[in-house]
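Peer 1: compute the structure for the input listed below.
(one chain, ligands or ions: 2)
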Amino acid sequence: MITLGIETSCDETSVAVVEDSDKILSNVILSQLIHKGYGGVVPELAGREHLKAIMTVYDEALKKAGVQAGDFDLIAATYGPGLVGALLVGLNFGKGLAYGYDKPFVAVNHLEGHIASNFLVHPNLPEKHITLIISGGHTSLVLVNGFGRYRVLGQTKDDAVGEAYDKVAKLLGLGYPGGEQIDRLGRIGDRKYFRFPRGVIREESYDFSYSGLKTAVALHVRDLSESELEQHRADIAASFQEAALEVLVVKTIRAAKEFGVEAVSLSGGVASNSRLKELMQKHLSKIKARFFCPPPELCTDNAAMIAAAGFRRFGIDGPSDLNANAVPYLKLV
Ligand code: KG4
Ligand code: ZN
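Peer 2: Ligands and ions are numbered 1, 2, ... in the order given. I've put the predicted structure just below:
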């Protein structure tokens, strides 16, 4: 069975062709560059850029996969959460194809897509595991009891962890998005240079908070001269990462112990972070739990994960209605 996946929830236009549950025939991802000058995603521009790009990305995905238009058996598109103007482009494109080619259509929850990215590449991932979805828009700790059965244990009360990375990158004069650059700088900086606050680390809950950390970095940078900032840029990046990541690791390990799971997976853009992977691996091995993470191209927003989630969702619920609308604040249930 061939599934066409479509993802346009934020600033990546992506179309993929996936065979059955796990064979990626193509996964074309176009990251919008237009937002770089603004230090964040501009919703109206994101929608317009998706409109300009979707047809070309679709053609390329079909060409790379070696399939003809209409050869697919199922069409899956993200319907939320995300930016409404952006979601509508991919969703309507998918529904149009489904109507035109008379194929079943399935509307996919973007968060379930991130969860599916691990099922897509790790056939040995235990059905029951803890997953941490960490991106520019989300910080959610989820107990997975097999595909489709989730219990959200905690999430951010304010900023997402990726958002904190991007804001700190801006304060340090790095480009947008800045996560990757902080990751790189953090490798050469002094992690003990400054102890930034670990938001809600002692709280019993599995929730997170990143606005205090972001403000603490802003205040620290404000008090530095230009030359001091130049001298300590890598140290601030490394110290910021230690604070941001320690909370993720501590809460994930606590949840793994409490729910007695044998495995933990990461997904979302921040899951590519080298220091986080190192820390998770180290702490999970101490409790004899296995660690799973998708390759970087499947961490970031992509349509292969949407096709994979759509294929499984279709198996559970059958097709979605062609009236399915975009739901910007869609939750994982
Ligand atoms: O999943 P994604 O592509 O889009 C959203 O759904 O938000 O995630 C993008 C986020 C950005 O905030 C970016 O700075 C962050 O992931 N990111 C990283 C790294 N690579 C991307 N954060 C930390 N370390 C990285 N290596
Ligand atoms: Zn995402």
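Peer 1: quick check: the residue of the stretch 201-333 of the chain found nearest ligand 2 vs Ser31, distance?
Peer 2: Closest residue of the stretch 201-333 of the chain to ligand 2, C-beta to the ion: Asp301 (4.5 Å). Yep, even glycine has a C-beta here, placed from its N, CA and C like the rest. Asp301 is 9 Å from Ser31, where distance means C-beta to C-beta, to the nearest Å.
Peer 1: thinking again about what came up before, these two touch, right, the residue of the stretch 201-333 of the chain closest to ligand 2 and Ile6?
Peer 2: No: the pair Asp301 / Ile6 is not scored as a contact, 11.6 Å apart, by C-beta atoms under 8 Å.
Peer 1: what residues do those two have in common as contacts?
Peer 2: Residues touching both Asp301 and Ile6 (C-beta atoms under 8 Å, 6 or more residues apart in numbering) are Ser14.
Peer 1: so where's the longest helix in the protein?
Peer 2: helix 226-258 (DSSP state H).
Peer 1: what mean pLDDT does whichever helix or strand comes after that one get?
Peer 2: Per DSSP states H and E, the first helix or strand lying C-terminal to helix 226-258 is strand 263-267. Summarised as a single mean, pLDDT over strand 263-267 is 98.
Peer 1: contact partners for whichever residue of the stretch 101-250 of the chain sits closest to ligand 2?
Peer 2: Taking C-beta to the ion as the measure, the point where the stretch 101-250 of the chain comes nearest ligand 2 is Ser135, at 4.3 Å. Applying C-beta under 8 Å, 6+ apart to Ser135 gives the contacts 114, 160, 162, 268-270, 301.
Peer 1: can you tell me which of those residues end up in helices?
Peer 2: Among the contacts of Ser135, the ones falling in helices (DSSP H) are 114, 162.
Peer 1: next, His283: phi, psi?
Peer 2: Backbone torsions of His283, given as degrees, to the nearest 10, read phi -70, psi -30.
Peer 1: for Ser26, pull up the helix or strand it's in.
Peer 2: For Ser26, the host element (DSSP H and E) is strand 23-31.
Peer 1: what packs against that strand?
Peer 2: Under the contact criterion of 3 or more C-beta pairs under 8 Å, 6 or more residues apart in numbering; DSSP states H and E, strand 23-31 touches strand 12-19, helix 43-65, helix 296-299, helix 303-317.
Peer 1: kindly recompute the last result at 7 Å.
Peer 2: Where contact means 3 or more C-beta pairs under 7 Å, 6 or more residues apart in numbering; DSSP states H and E, strand 23-31 is packed against strand 12-19, helix 43-65, helix 303-317.
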